[in-house]
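Peer 1: Take this sequence and fold it.
(one chain, ligands or ions: 3)
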Amino acid sequence: MRISAIGEFALIERIRRILPKPHDALLGIGDDCAALRPTAGRDLLLTTDLLVDEVDFTRQTITPFRLGRKAMGVNLSDIAAMGGLPRAALVTLAIPPEEEIEFVDELYRGLREEGAQFAVEVIGGDLSASATLMIGVTLVGEVEVGKAVTRSGAKPGERIWVTGRLGAAAAGLIALKAGFRLLDDHVETPYEVSGSLQEDIRQAIERHLCPIPRIREGRALAQAGVASAMIDLSDGLASDLTHLCRESGVSATIREDQIPIDQAASAVAQRFAQEPLALALQGGEDFELLFTSSWDPADIVAMFPDAVTVTAIGKVWEAGHGCRLERQDGRAVALAGGYDHFWQQ
Ligand SMILES: Nc1ncnc2c1ncn2[C@@H]1O[C@H](COP(=O)(O)OP(=O)(O)OP(=O)(O)O)[C@@H](O)[C@H]1O
Ligand SMILES: Cc1ncc(C[n+]2csc(CCOP(=O)(O)O)c2C)c(N)n1
Ligand SMILES: [Mg+2]
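Peer 2: Ligands and ions are numbered 1, 2, ... in the order given. This is a model prediction of the structure:
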C-alpha cells in the first residue's frame, strides 16, 4: 500500500508501533516535543546529518533497512568523534506520497536496530512529502562536563592516529557503480569474478552501506584523556585531517607507508584500476576516528587489544606548511581532495 492511501497521521501511528516505547525519554512520540532529562555532570552533544537520494545513496543499491542503519550510523559516528555517549534521536523524513508504506517500516526497523546497538531510541521526528527521498537524523548525546574531545586541541609534537583500516567504503561504492549488489549477506555479480574477489567486494560494499560507529573507541580515548583532538572520517583522511589542523592552528605530516589501507579496498581498487591510497585519502565514508595524542604509542596500542586496530600515521607540526603526505621515496606533497557536496570539477 502507498503512503498516500493512509495519510500522515496513520503513518506516524505506524512508525510509533515499530519503535519501542522509550525507556530513557520523559516524552517520546505523540507530543509537540520529545523530552529528555539531562544527566547531572554531563554536557549535551548535538549533531545532525542528512542523507539525500541520488546524492548520499541510490535506491537501487541499498535496502530500506540498511538505509535506516546508515542514517543512524553516520550520526553515531559524530558523537563518537567527540568521545560522547549517544542518548536519543529525532528522525526527519521527506518522502514521495506514492512510496510503499512497507519501505517506511523497513527504514525505521533499520534506524531502531542500529540505535539499539548503542542504547539510542528514536523519540520523535517530522514528516513531509517530497519528490526526493531524504532522511535526516538528529542525535542528542552526552559527555562528562568539559571532556568533549574537539577538533581544536592538537599540539605540535603529538602523533596522529587512526582507528581501523581505510578505503573500504569508497571501494564498495566503486563496486556498486560497477553493478555489484549486496543481497542479504551475499554479492550479486554482473559478471563472473573469482571467489576471493567476490568476498573482498562483499566486505567493501558492507563497509559502504553499513558504517561501524566507533563509539566504544571514542569513549575510551576521551575517558582516559588520550586524545587531544579528534574527528571522524566522513569526507576522507586528506579532507578531515585538514579540518582538524585548521581548527587546531597546526600543520601535519602523515606517512604514506604508515596508512592502514583495508585489504578488501586494495583488492577492489586493483581490479577497477584505482589507486588504493587515493581511496583511503580522498574516498570518504570510512567513519573511523582520527585523533592526536602525546601519549606513548605502546600505551595507546595496549588500549585496543580487540579487533579494532589503531595506527600512528604521522605527526603534528607548528602552523605553516598545511597537511602533507610523505611519500615512500621521502618526497613530501600537499594533501588535497576529499568529498565536497558543492565542488564542481
Ligand atoms: N547548514 C548548516 N547550518 C549551520 N551549521 C552547519 C551547517 N552545516 C554544517 N554546519 C556546521 O559546520 C561544521 C562542520 O560540518 P560538517 O557537516 O562538515 O561536519 P562533519 O562532521 O565533518 O561532516 P558530516 O557529519 O556531514 O559527515 C559543524 O559544526 C556543523 O554543525
Ligand atoms: C550515490 C552516492 N554517490 C556518492 C557517494 C559518496 N558520498 C556521498 S556523501 C559522502 C561524504 C560524507 O557526506 P556528509 O559530509 O554529507 O556526511 C560521500 C563520500 C555516495 N555515498 N552515494
Ligand atoms: Mg564528523
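Peer 1: hey, let's count contacts and neighbours off CA atoms from now on
Peer 2: Fine.
Peer 1: Closest residue of the stretch 101-250 of the chain to ligand 3?
Peer 2: residue 232 (4.8 Å; C-alpha to the ion).
Peer 1: This structure: helices as residue ranges?
Peer 2: Assigned by DSSP state H, the helices in the chain fall at 3-18, 64-80, 101-116, 168-177, 195-209, 215-223, 237-248, 263-271, 276-278, 297-302.
Peer 1: Switch those over to CSV; also include mean pLDDT.
Peer 2: Shown next, in CSV, are the helices of the chain (pLDDT from 0 to 100):
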stretch, mean pLDDT
helix 3-18, 96
helix 64-80, 98
helix 101-116, 98
helix 168-177, 98
helix 195-209, 98
helix 215-223, 97
helix 237-248, 98
helix 263-271, 98
helix 276-278, 97
helix 297-302, 97
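Peer 1: nearest to residue 124, of those helices?
Peer 2: Ranking these by their distance to residue 124 (criterion: C-alpha to C-alpha) puts helix 3-18 first, at 9.0 Å.
Peer 1: So what touches that closest one?
Peer 2: Helix 3-18 has contacts (C-alpha atoms under 8 Å, 6 or more residues apart in numbering) with 29, 97, 98, 99, 100, 101, 104, 105, 108, 109, 127.
Peer 1: try it again with 6 Å
Peer 2: 97, 99, 100, 101 (C-alpha atoms under 6 Å, 6 or more residues apart in numbering).
Peer 1: what comes up buried for that helix?
Peer 2: Buried positions in helix 3-18, judged by neighbour count with 16 or more other C-alpha atoms under 10 Å: 3, 11, 12, 15, 16.
Peer 1: Please apply the same query to stretch 330-345.
Peer 2: 332, 335, 337, 338, 339.
Peer 1: From the residues you listed, pick the one nearest ligand 3.
Peer 2: residue 339 (12.6 Å).
Peer 1: about what we covered before: could the buried residues of helix 3-18 go into a markdown table alongside distance to residue 171?
Peer 2: Listed next are the buried residues of helix 3-18 as a markdown table, based on distance: C-alpha to C-alpha, whole Å:
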| residue | distance to residue 171 |
| --- | --- |
| 3 | 35 |
| 11 | 37 |
| 12 | 37 |
| 15 | 34 |
| 16 | 37 |
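Peer 1: With respect to ligand 1, which of the residues you listed is nearest?
Peer 2: Taking C-alpha to the nearest ligand atom as the measure, ligand 1 lies nearest residue 15 of these, at 25.3 Å.
Peer 1: any idea how far ligand 3 is from that closest one?
Peer 2: Distance from residue 15 to ligand 3, counting by C-alpha to the ion, to the nearest Å: 28 Å.
Peer 1: How about the residues of the stretch 51-200 of the chain by ligand 2?
Peer 2: Neighbours of ligand 2 within the stretch 51-200 of the chain, by C-alpha under 6 Å from any ligand atom: 54, 55, 56, 57, 58.
Peer 1: So among those, which ones count as buried?
Peer 2: For these, buried by 16+ other C-alpha under 10 Å: residue 57.
Peer 1: Could you list which of the residues of the stretch 51-200 of the chain next to ligand 2 also contact ligand 1?
Peer 2: Of those, not one also sits near ligand 1 (C-alpha under 6 Å from any ligand atom).
Peer 1: Can I get the residues of the stretch 51-200 of the chain next to ligand 2 in a markdown table including pLDDT?
Peer 2: Putting these into a markdown table (pLDDT from 0 to 100) gives the following:
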| residue | pLDDT |
| --- | --- |
| 54 | 97 |
| 55 | 97 |
| 56 | 98 |
| 57 | 98 |
| 58 | 98 |
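Peer 1: quick revisit: who's the residue of the stretch 101-250 of the chain closest to ligand 3 bridged to?
Peer 2: Here residue 232 sits in beta bridges with residue 289, as judged by DSSP bridges.
Peer 1: picking that back up, now, which of the residues of the stretch 51-200 of the chain next to ligand 2 sits nearest ligand 3?
Peer 2: residue 56 (14.9 Å).
Peer 1: List the residues that contact residue 127.
Peer 2: By C-alpha under 6 Å, 6+ apart, the residues touching residue 127 are 92, 93, 94.
Peer 1: ChimeraX command to pick out the buried ones of the residues you listed?
Peer 2: Restricted to buried positions by 16+ other C-alpha under 10 Å, the ChimeraX selection for those reads:
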select :92,93,94
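Peer 1: can you list the contacts of residue 127 in JSON lines and add pLDDT?
Peer 2: As requested, these are exported to JSON lines (pLDDT from 0 to 100):
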{"residue": "92", "pLDDT": "98"}
{"residue": "93", "pLDDT": "98"}
{"residue": "94", "pLDDT": "98"}
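Peer 1: Which member of the contacts of residue 127 is positioned nearest ligand 1?
Peer 2: For the contacts of residue 127, the nearest to ligand 1 is residue 92 (15.0 Å; C-alpha to the nearest ligand atom).
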